[in-house]
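# I would like the atomic coordinates for the input below:
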Amino acid sequence: MNLDLLSAKGKKITSDEQLALSRIGGSPIAEGSPQPLIPKTAASRKKLSTIFSGKHFFGSSSTAKAPLSSTAESSAMAGASHIAIEMGGMRADEAGPTAPSDAENIQLGQEVIQIPNRDAISTQLREIFAPHINEGNHEAFELLINERADRLDAKGETPETIHQILSKGTNMDRVAQAAVGYVRSVPFGIASRLLDAKQVLTAAAKTPAQGGAIAGVFSGAADTVGAKILEKSTGNTQWMKADAEQLEPVMAEAKGATGNLMKQALEISASFQTYTGRNILRNAVVPAVAKKAGAAAATEVDSWIAAAGGPVAGAAAYVAMNAFNEKNHRVGPEYLLGRPDWEMHFDSLKKATWTGAGINGLKRAARLPVDIAMDTLSGTRELLTAKRILTNGVLAGGFAGVSAAKAAAGIAAKKAGLDPASISAIQQTVGTITSAPVFAAWTMTDVLADTAIDRAGEAANRVGDVIHQSNPPMAAGAEYHVIDMPEDNRGPAA
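Here you go, the predicted structure:
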């Protein structure tokens, strides 16, 4: 809808701009855009009556919006009224550009409507929370939105400043996730390099499959212990994310509705295919090096690409996971605004700078030696948990299969009389193809392991209860002798 709007602060904006500002990813329409004219011929006049309501602001969202209650609709219509425009029969040469009848695109001319700043903010917040609103919670969300809108208006914020602040937070989160993914993948990269540089680590292996299994166990262990050590330094880095217990009840319930565990597992496994991208790079580089500098040089280059490329692949994986979470509304500005202490977080974000974020990162890195000293032991204990035994077992088995497949492919290529460069290319290709499902299975297991273990425990308890009920102690032939104890507890009567 191309209505011209004027905020309470005197700035002239269009409804399209209001729509854009209501989204975290939107951008304002440039001021001074030409406005459509309404023909004013006297013949064959038509009457167009339009109601300006809150639902118009949701016309461009792809997410289905719940109907507002009468209270919510009245709030959304504050400052607006029925607009009756007398329009004459328009000839093609008189009319402005034809627009579809969609609420967002109808051109109503140069009518100016006064929209109070507070109502413009509430409309913006409705669009932010819209993906989580349904018939059962819209009244609770309306109360939350109105309270936030009142405070933001009282603080002197406008839709434009709110958009800028929340956009800054979203962009900071994206960069932070890339940094976290890089840092958390460093232990895995170090393990990869050590396995190549220190042959003693795999000296006990008698076959390629055994060597792969050892590599999987070692890499999984390094990842587990490293993750525990890095937990504090890489935790709590996002403005637009909150746990359920940190949210208002209505927002906590809405967050729970986004938690399809299997869907998230599939998304994470797809995200970590960035390691397959790293392996494709190895496919391209290593055979060329083998052709020019020999097999030994190619092996060394391959080792360094695997080690250095691991953290880069990890950073890309975390960026992909964050994109999935944004798309599925698991993170976003609604999680900052949905906190009971939202105002403190909003004010902190408003003051936050990129320089400050960089300094905070350096402070986290500086305390890493303390974390290593304090958390290495707990990380080692983590290796013995059911979840880590399961996930690292998947990785060990997967790497065993990859190593066996690469060795078999190399033997076959050598028997075929291929040159070293071709053999290397075949082995790298086989490794890339076979390792892709391993990374998928490893990450999916990590996501689903807790649920699977809990269900297995519950099943075991149920089986135990059934056995106990069907075979009580008396049925097993146990004898019970009743001893009458005297009241003074001095022992059985003689």
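# at which residues are the strands of the chain located?
For the chain, the strands defined by DSSP state E occupy 4-7, 12-14, 46-50, 83-87, 112-115.
# from Ile113, how far off is Phe399?
Computed as C-beta to C-beta, to the nearest Å, the Phe399 to Ile113 distance reads 65 Å. No exception for glycine: its C-beta is placed from N, CA and C like everyone else's.
# most centrally placed residue in the protein?
Asn325 (2.9 Å; C-alpha atoms, centre = their mean).
# and the closest residue to that one other than its chain neighbours, what pLDDT?
Spatial nearest neighbour of Asn325, excluding adjacent residues (C-beta to C-beta, 6 or more residues apart in numbering): Val331 at 4.6 Å. Note for Val331: predicted pLDDT of 96.
# ok, Asn489 next?
pLDDT, Asn489: 44.
# does Thr258 really touch His329, like I thought?
Yes - counting by C-beta atoms under 8 Å, Thr258 touches His329, with 5.7 Å between them.
# low-scoring pLDDT stretches of this structure, where are they?
1-112, 468, 470-494 (pLDDT under 70).
# what residue spans form the domains of it?
Domain assignment for the chain by automatic domain parsing gives 4-157, 176-453.
# nearest to Gly464, of those?
Minimum separation from Gly464 across these (C-beta to C-beta) falls at domain 176-453, 16.4 Å.
# list the contacts of the residue nearest to Asn325.
Counting by C-beta atoms under 8 Å, 6 or more residues apart in numbering, Val331 touches Asp173, Gln238, Met240, Lys241, Asn322, Asn325.
# over to Lys255?
For Lys255, the contact set (C-beta under 8 Å, 6+ apart) comprises His132, Ala242, Ala244, Leu247, Arg330, Tyr335.
# that older thread, of Thr258 and His329, who's got more company?
His329 (18 against 15; other C-beta atoms under 10 Å).
# ok so, going back, would you mind checking the contacts of Lys255 for buried ones?
His132, Ala242, Leu247, Arg330, Tyr335 (16 or more other C-beta atoms under 10 Å).
# those residues into a markdown table, with extra columns for distance to Ile453?
Shown next, in a markdown table, are the buried ones among the contacts of Lys255 (distance: C-beta to C-beta, whole Å):
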| residue | distance to Ile453 |
| --- | --- |
| His132 | 30 |
| Ala242 | 26 |
| Leu247 | 27 |
| Arg330 | 23 |
| Tyr335 | 28 |
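# tell me the one of these nearest Gly169?
Closest to Gly169, out of all of the buried ones among the contacts of Lys255 and judged by C-beta to C-beta, is Tyr335, at 10.2 Å.
# what ranges does the stretch 251-400 of the chain have for its helices?
261-271, 274-293, 295-327, 333-337, 342-351, 354-366, 368-382, 386-415 (DSSP state H, counting those that start in this stretch).
# for the shortest one, packing partners?
This points to helix 333-337. Applying 3 or more C-beta pairs under 8 Å, 6 or more residues apart in numbering; DSSP states H and E, we find helix 333-337 packed against helix 117-129, helix 159-197, helix 249-256, helix 342-351.
# show me which residues of the last one are buried.
Buried positions in helix 342-351, judged by neighbour count with 16+ other C-beta under 10 Å: Trp342, His345, Phe346, Leu349, Lys350.
# quick one: contacts for Arg339?
Ala242, Gln246, Leu247, Glu248, Met251, His345.
# I'd like to know how far it sits from Gly356.
From Arg339 over to Gly356 (counting by C-beta to C-beta), the distance is 21 Å.
# can you check Thr234 too?
As judged by C-beta to C-beta, Thr234 and Gly356 stand 18 Å apart.
# okay, these two: which has more neighbours?
Thr234 (20 against 11).
# for stretch 274-286, which outside residues touch it?
Applying C-beta under 8 Å, 6+ apart, the set of residues contacting stretch 274-286 is 298, 301-302, 305-306, 309-310, 312-314, 316-317, 320, 424-425, 428-429, 431-432, 435-436, 439.
# buried ones among those residues?
In the contacts of stretch 274-286, burial by neighbour count holds for 298, 301-302, 305-306, 309-310, 312-314, 316-317, 320, 424-425, 428-429, 431-432, 435-436, 439, counting by 16+ other C-beta under 10 Å.
# hmm, back to that, now distance to Ala449 too, for the helices of the stretch 251-400 of the chain, in TSV please.
Converted to TSV, those look like this (distance: least, C-beta to C-beta, whole Å):
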stretch	distance to Ala449
helix 261-271	10
helix 274-293	20
helix 295-327	17
helix 333-337	26
helix 342-351	32
helix 354-366	28
helix 368-382	13
helix 386-415	4
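# most tightly surrounded among those?
Among those, helix 333-337 has the highest mean neighbour count (mean count of other C-beta atoms under 10 Å), at a mean of 24.
# next one: it to chain centre, how far?
14 Å (C-alpha atoms, centre = their mean, to the nearest Å).
# next: stretch 239-251.
14 Å.
# any idea how far Lys255 is from Trp442?
Per C-beta to C-beta, Lys255 is found 27 Å from Trp442.
# make that Ala407, sorry
Distance, Ala407 to Trp442, by C-beta to C-beta: 21 Å.
# what do you get for Leu368?
Using C-beta to C-beta, we find Leu368 at a distance of 26 Å from Trp442.
# now do Pro333
33 Å.
# repeat that for Gln164.
Distance from Gln164 to Trp442, by C-beta to C-beta: 40 Å.
# so between those two, which is more surrounded?
Neighbour comparison, Gln164 and Trp442: the larger count goes to Trp442, with 26 against 15 (by other C-beta under 10 Å).
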